[in-house]
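> Just the structure for this:
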Amino acid sequence: MADPPGIRRPDCGVAAVVLSSGNEASGFSGVRLDSHCRCELTPYVLLRRPDKTVTTDDVLESAPLDGHYLKYKWYRIQSDKKVTLCSIHPSEQATLQCLGCVKAKIPVSKSYHCSPKCFSDAWQHHRVLHDRAASAVNENGNEEEELFGRFNSTSSGGSLNASLPSSASSASLTNGSAPLYPAAVAQRSGGETWFEVGRSKTYTPTADDIGHVLKFECVVVDAETKLSIGHANTILTSRVIPAPSPSPRRLIPVNGADVIGHIEIDGRTPSSGTFTVLSYNILSDAYATSELYSYCPSWALSWPYRRQNLLREIVGYRADIVCLQEVQSDHFEEFFAPELDKHGYQALYKRKTNEVSYNGNPQTIDGCATFFRRDRFSHVKKYEVEFNKAAQSLTDAMIPSTQKKTALSRLVKDNVALIVVLEAKFSNQGADNPGKRQLLCVANTHVNVHQESKDVKLWQVHTLLKGLEKIAASADIPMLVCGDFNSIPGSAPHALLAMGKVDPMNPELAVDPLNILRPHSKLIHQLPLVSAYSSFARPGLGLTLEQQRRRLDPSTNEPLFTYCTRDFTGTLDYIFYTGRLLRDHFFADSLTVESLLELLDEESLRKDTALPSPEWSSDHIALLAEFRCKSRARR
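Next comes the predicted model:
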């Protein structure tokens with residue numbers, strides 16, 4: 001077996017150890033760190049025994065193998081020369097600093113740039129930091145609290161001018177079972193000092209490591225004599241650099257106030273009568289490949305990095321209801337459900353069916369996950385929609401037996417929807433409705449992506465809406481329909497959602513080889529759905545919303561984009577809500593939009609080419625709306 005480049009084999013006949021970072025997901029090619037997004041480093045250690053058998057199992061002192069065990073150490077190689085990193089290209093050293101940031105007391109890490117061109121290209125996005133800092137000081141003399149994170153010295157950047165510490169007090173006990181390490185010099189050579197920072201196989205970089213290379217050392221030890229056998233095996237990381245910190249997105253009122261607001265983290269109480277809903281396609285790890293997203297650094301595509309970055313973002317929005325798409329089943333069970341449980345969320349999940357997407361590992365099949373705050377809502381009922389089952393029923397009823405196989409191959413796409421009925425633990429009812437239960441129906445879906453199957457896409461949306469109609473007729477409750485519909489504004493699926501019908505002359509109806517869309521008059525529904533983000537186009541709102549209006553398509557009043565890659569930019573994601581009369585014979589409870597999460601500026605995203613990027617870990621952007629439920633008197 002050939003040794004990896006740069007790895008030494010021990011000069012001993014007892015055992016051989018080969019080290020490798022395994023893959024870039026472990027962080028060795030561009031180690032990233034911030035205060036919220038920790039990157040655990042676990043090298044791949046291959047132990048070859050004298051009989052030529054190989055094991056990757058850890059061999060501890062408490063359980064030696066053939067009388068030997070493995071001993072690990074981590075070092076920080078700290079140069080005498082202080083290193084300052086570019087805020088836009090953290091792998092590059094900074095050559096200039098924005099003095100405006102220093103004056104505005106913006107974290108110093110955001111002020112550094114690697115070249116005049118870097119600073120010039122980033123200026124339009126960078127100046128927003130200056131504007132917000134000035135606005136916050138003018139309003140209350142304090143920095144403005146944002147949706148996630150604050151502009152302060154404890155954020156991910158901090159000062160990058162790391163100096164030699166007088167002690168290693170920041171070292172974590174999780175980096176080894178030994179006590180906190182003193183600042184003992186392990187080795188000094190050529191202007192570099194090596195500090196021991198860990199004694200376990202896995203190491204989590206600390207803030208002190210930013211700007212410096214880490215070295216992992218592994219050696220075979222005789223269990224009886226406690227002496228090392230042969231030479232130590234070592235592997236170096238690249239420089240530890242801080243993970244980018246996205247500019248916080250604010251929640252903007254659309255209820256007539258001529259001010260830009262933000263979520264008061266401690267201000268919303270169960271008695272406020274409002275609630276927030278987040279919808280976000282997080283990009284399944286199975287699809288996050290370097291072939292598809294070659295412009296995104298491989299470390300930023302790795303799941304260990306993306307999952308922490310996504311979690312930080314999702315938790316930071318503090319939404320009462322969270323609808324996620326493209327959540328792998330293993331990631332739901334092992335990461336999102338337990339992590340969001342720590343923040344007070346109850347989890348529900350529906351995995352996609354696997355007739356098409358099955359790839360030998362059912363754990364990597366993605367699906368829809370819905371979370372809700374236990375202190376705000378309780379679970380009443382759950383419905384699972386499998387479009388494959390609906391396809392089977394449709395072909396049984398409409399398609400001749402000789403054509404069923406062909407029909408099913410077109411209709412079966414594995415897509416699903418998860419519908420949950422929740423009961424609010426807060427109330428906004430008037431005196432005329434004492435004790436009335438406030439129910440809410442939330443649908444979360446991810447519709448077929450294939451553009452050549454527009455008939456299937458429209459059929460799936462129609463199937464979902466007809467199912468929701470039945471729930472509405474029986475329960476008379478307000479509804480939210482969230483998800484990635486893979487349909488641009490003005491398309492037939494979007495028209496069906498927003499207008500309740502499809503124009504018979506819509507050219508997309510011409511693609512219908514199975515005649516599943518005929519007669520066209522059946523493509524209707526009675527749900528009074530309104531797109532939440534169209535509220536940014538409300539007339540009469542103040543000039544402060546003009547920026548958001550410019551980020552809407554004036555012909556549809558939908559965002560210009562919710563999906564942004566190098567090859568395609570457009571809107572595919574929506575939050576629809578019932579905002580009008582449900583049926584003629586009575587008034588139903590309706591929802592009104594109070595505020596919306598601000599839309600992103602495409603130009604600011606293009607500094608990293610497109611999504612995903614080191615800042616934003618999905619190819620979609622998150623949508624969030626704050627609603628108030630209004631009870632209407634019945635006729």
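
> element containing Val456, please.
If you go by DSSP states H and E, Val456 is part of helix 454-475.

> Which element is encountered next along the chain beyond that helix?
The C-terminal neighbour of helix 454-475 among helices and strands, as given by DSSP H and E, is strand 479-484.

> What are the contacting residues of that following strand?
Taking contacts as CB atoms under 8 Å, 6 or more residues apart in numbering, the residues outside strand 479-484 that touch it are 277, 279, 281, 321, 323, 325-326, 368, 417, 440-447, 464-465, 468, 471-472, 497, 527, 529, 572-578, 591, 620, 623, 627. Quick note: C-beta positions are derived from backbone N, CA and C, even for glycine.

> from those residues, which ones fall inside helices?
Using DSSP state H, the subset of the contacts of strand 479-484 located in helices is Leu464, Leu465, Leu468, Ile471, Ala472, Leu497.

> show me the contacts for His343.
Contacts for His343 (CB under 8 Å, 6+ apart) come out as Val315.

> which residue ranges form the helices in the stretch 101-250 of the chain?
116-140 (DSSP state H, counting those that start in this stretch).

> pLDDT below threshold where in it?
Applying pLDDT under 70 to the stretch 101-250 of the chain flags residues 136-174, 176-191.

> 80 instead, please
Residue ranges of the stretch 101-250 of the chain with pLDDT under 80: 107, 109, 121-122, 124-129, 131-192, 241-247.

> Can you show me the strands along it?
Ranges of strands within the stretch 101-250 of the chain are 112-113, 185-189, 192-198, 213-222, 228-239, 241-242, based on DSSP state E, counting those that start in this stretch.

> Out of these, which gets nearest to Tyr345?
strand 241-242 (28.2 Å; CB to CB).

> Adjacent strands (with direction) for the helix or strand following the closest one?
Counting by DSSP H and E, the next helix or strand C-terminal to strand 241-242 is strand 251-253. Paired neighbours of strand 251-253 in the sheet (DSSP bridges): strand 590-597 (antiparallel).

> angle of the strand it pairs with against strand 479-484?
40 degrees (axes from the mean of the first three to the mean of the last three CA atoms, to 10 degrees).

> just to revisit the earlier point, would you pull up how far the helix holding Val456 lies from the middle of the chain?
From the chain centre to the centre of helix 454-475 is a distance of 28 Å (CA atoms, centre = their mean, to the nearest Å).

> other SSEs contacting that helix?
Applying 3 or more CB pairs under 8 Å, 6 or more residues apart in numbering; DSSP states H and E, one finds that helix 454-475 makes contact with strand 377-386, helix 387-398, helix 404-411, strand 416-424, strand 439-446, strand 479-484, helix 492-499.

> What are the buried residues along it?
454-465, 467-469, 471-472 (16 or more other CB atoms under 10 Å).

> Export that helix to CSV, keeping only CA atoms.
C-alpha atoms of helix 454-475 as CSV (Å, rounded to 0.1, in the frame of the first residue of the first chain):
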residue,chain,number,x,y,z
LYS,A,454,-44.2,20.0,-16.2
ASP,A,455,-47.4,18.0,-16.3
VAL,A,456,-46.2,16.0,-13.3
LYS,A,457,-45.2,19.1,-11.4
LEU,A,458,-48.6,20.7,-11.9
TRP,A,459,-50.4,17.4,-11.1
GLN,A,460,-48.5,17.1,-7.8
VAL,A,461,-49.4,20.7,-6.7
HIS,A,462,-53.0,20.1,-7.7
THR,A,463,-53.1,16.8,-5.7
LEU,A,464,-51.7,18.6,-2.6
LEU,A,465,-54.2,21.4,-2.9
LYS,A,466,-57.2,19.2,-3.2
GLY,A,467,-56.1,17.3,-0.1
LEU,A,468,-55.7,20.5,1.8
GLU,A,469,-59.2,21.6,0.6
LYS,A,470,-60.7,18.5,2.3
ILE,A,471,-58.9,19.4,5.6
ALA,A,472,-60.1,23.0,5.3
ALA,A,473,-63.7,21.9,4.7
SER,A,474,-63.7,19.6,7.7
ALA,A,475,-61.8,21.7,10.2
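
> Just give me the neighbour total for Lys389.
13 (other CB atoms under 10 Å).

> With the one 3 residues further on instead?
A count of nearby residues for Gln392, using other CB under 10 Å, gives 16.

> ok, how many other residues are close to the residue nearest to it when sequence neighbours are not counted?
Nearest in space to Gln392, with sequence neighbours left out and distances taken as CB to CB, 6 or more residues apart in numbering, is Leu408 at 7.1 Å. By other CB under 10 Å, 17 other residues sit near Leu408.

> Over to His125?
Residues near His125, counting by other CB under 10 Å, number 16.

> check contacts around Lys71.
Contacts of Lys71 by CB under 8 Å, 6+ apart are Glu61, Cys218, Val219, Val220, Val221, Ser228.

> Kindly give a single ChimeraX line that selects the buried subset of those.
Under the burial definition 16+ other CB under 10 Å, those of these that qualify are selected in ChimeraX by:
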select :218,219,220,221
